[in-house]
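**Student:** sequence first, predicted model second:
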Amino acid sequence: MAVLVCLAHHVGEPVTKEELLQAVWPGTFVTDDVLKRSVSELRRVFEDDARKSRVIQTIPKSGYRLMVPVEPVNDDAQASPAPVRYEAPTASRQWVRPLVVGLAALLIVVSFGWYWLRERFRQTSAFPHIHSIAVLPLENLSRDPTQEYLSDGLTDALITDLAQTGSWRVISRTSSMQYKQTRKSLQEIARELNVDGIIEGTVQRSGDRVRITAQLIHAPEDEHLWASTYERDMQDVFALEREITADIAHEVKAQLTANDHALPTHPRPINPKVLDMYLQANFRLDRFANGSGDGEKRKASELFQQVIEAEPDFAPAYVGLATAHLNREQSSGEDFAIAKKAAERAAQLDPASSDVWVILAEINQENLLDWSAAEADYRRAISLNPNNALAHDRLGQFLGEIGRLDEGLKESEIAQQLDPSRDHMRLILYLRREYDRGIAEIQMMLKNHPGDGYLYITLYQCYTKKEMYKEAVQELVQALRLFGLGEAATRINRAFARSGYPGAMRQFAKEFERLHDTKQAFFPGNLVLIYAALGEKDRAFYWLDQAYQHPDIVGTDMPLPYLIRDPMADPLRSDPRFKDLVRRMGLPQ
């Protein structure tokens, strides 16, 4: 009401944001978002469209202007309530009191009938439909780089909760986080992610208090729809984040489906120091995902273990611990045992966690070779959170590995929609032997991720199947250099110059066997495919048996189920030893 009074005092004149903030909230820390929310609420009451305003006009990057005339009314002391006292910013306000009396009457009407009015105006106003949302990285207002883990962690939590709250499509964090400190406009980002709703905001921490601002933008029109500010103790930060989620869901009128799960209404408080450790551990896991190596996973594991010791019933810490021990560059049977135990404990504490069931599915698929359990766990993860891009991606790959290629393609396409900045198509296209399409997809991804060695590995395989051996070796050499094997890459390149593709493959096999002999890495899957390409079946089956006997220590090598379907293993398929292995694994022939 005070914002409206201030605008009315300058009817027809522009009023800057700074003037409004100073007049309405003098001496108080209030962001532009609160002002935007006030204007948005006024527009709803007046049924005013921000795009074609007839009541309150937005002056871009400046302020607002009241467009309608203001008429004084008679001051009937017997019929009017006590006036609202508002100190206008100028001395001349002889006609303000009658206006304020009228506004106060309006305030009483709104106070007693706000719910009815709100719902009525929502139903009749042209509120944009939000079908898809991207949460941009929350900005760390402390300007302290050591606090980035907090803003990143809260961004991640907001994305996760929004993904399982409504019937909208929510872009995954891996695609959203690339816009951290971006200079791109919201409309550009929305086009790139194919969304119509953008959520952005800030995080500011002071001691054990944290303040979050959030706002919802209808990106195609760059129209502000909602904004709010929240402040809590750090121990209640998850409750704060879920309050934001609930407000956003209510604001866009999300219709929960039968598969949606309501958020816990009262998340358990957690000690601020323990919360710090948990968020820092997740921050290190993200650094591993961006190529920082096993060292970050080991440090993350230590932090997650400390969190568990302090808060033994905190399920997210067990999820993090399991993740930190899976898919290491150099894994062991002990890593598998720790991951399995932690994931099972997380499932006991929080069976509604989609991420837990993805981990359990991966363990059943790649380590225990239990296909029915793996599929059930993947589908449970998706039922809990249909926006879980990783679950769709892993299910797509799993279905491809067991021969259900059309179903696998569908899941991979869903993952690509939810996480458009990352590749989710190359493996299923390769398994489907759509090499040209796979090459095109990879080359498009390499424009934004030129340092992703796995993309070059699949290019090498596609070119090999197309008998484009020069191109295949070039991509292989590039991949090995990105994986830190520059000297090996140079020797393979020289071997190709001397002896062509067979010479390059023999050198490739020598390099990986040397890594195994010196206990630097264990890559039996790659060696299977190399020897298959060379026609040396006995060596290929030796390494295939090694992969079968040690599924828990293959690390980042090709998992055995995928290896069985790999087109480069075609020379082995007619051999009785191959058919016997497929039978023992319980896979379709």
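**Tutor:** In hand now; what should we look at?
**Student:** and the helices in the stretch 451-589 of the chain, which stretches?
**Tutor:** For the stretch 451-589 of the chain, helices defined by DSSP state H, counting those that start in this stretch occupy the ranges 453-465, 469-482, 486-517, 524-534, 537-549, 560-565, 576-585.
**Student:** next one: the stretch 1-150 of the chain
**Tutor:** Under DSSP H, counting those that start in this stretch, the stretch 1-150 of the chain gives helices at 2-9, 17-24, 32-45, 96-124, 148-163.
**Student:** after the last one comes which helix or strand?
**Tutor:** So that's helix 148-163. For helix 148-163, the following helix or strand on the C-terminal side (DSSP states H and E) is strand 169-170.
**Student:** partner strands of that next one, parallel or antiparallel?
**Tutor:** Sheet pairing of strand 169-170 (DSSP bridges) gives strand 132-135 (parallel).
**Student:** show me this protein divided up by domain.
**Tutor:** With domains defined by automatic domain parsing, the chain comprises 2-124, 132-269.
**Student:** any idea which of these scores lowest on pLDDT?
**Tutor:** Across these, domain 2-124 has the smallest mean pLDDT, namely a mean of 66.
**Student:** shaky segments in the stretch 301-450 of the chain?
**Tutor:** Regions of the stretch 301-450 of the chain meeting the criterion pLDDT under 70 cover residues 329-331.
**Student:** and the strands in it, which stretches?
**Tutor:** In the stretch 301-450 of the chain, no strands are defined using DSSP state E, counting those that start in this stretch.
**Student:** that one: helices as residue ranges?
**Tutor:** 315-325, 333-349, 354-362, 371-384, 389-401, 405-418, 426-431, 435-446.
**Student:** looking at those helices, spot the one closest to D144.
**Tutor:** D144 lies closest to helix 315-325 among those, at 23.3 Å (Cβ to Cβ). Just so you know, the C-beta spots here come from the backbone N, C-alpha and C atoms, and that holds for glycine as well.
**Student:** so what does the closest one touch, helix or strand wise?
**Tutor:** helix 272-287, helix 294-310, helix 333-349, helix 354-362 (3 or more Cβ pairs under 8 Å, 6 or more residues apart in numbering; DSSP states H and E).
**Student:** got the phi/psi numbers for the residue minimising distance to the centre of the chain?
**Tutor:** Nearest to the geometric centre of the chain sits R173, at 1.6 Å (Cα atoms, centre = their mean). Phi and psi for R173, reported as degrees, to the nearest 10, are phi -70, psi -30.
**Student:** please apply the same query to the one 3 residues further on.
**Tutor:** Per-residue torsions, S176: phi -70, psi -40 (degrees, to the nearest 10).
**Student:** thinking again about what came up before, hmm, the residue nearest to the centre of the chain is touching D156, no?
**Tutor:** Yes. In this structure R173 lies within contact range of D156 using Cβ atoms under 8 Å: 5.3 Å.
**Student:** hang on, the earlier thing: most tightly packed of the helices of the stretch 451-589 of the chain?
**Tutor:** Highest mean neighbour count of the helices of the stretch 451-589 of the chain: helix 524-534, a mean of 23 (counted as mean count of other Cβ atoms under 10 Å).
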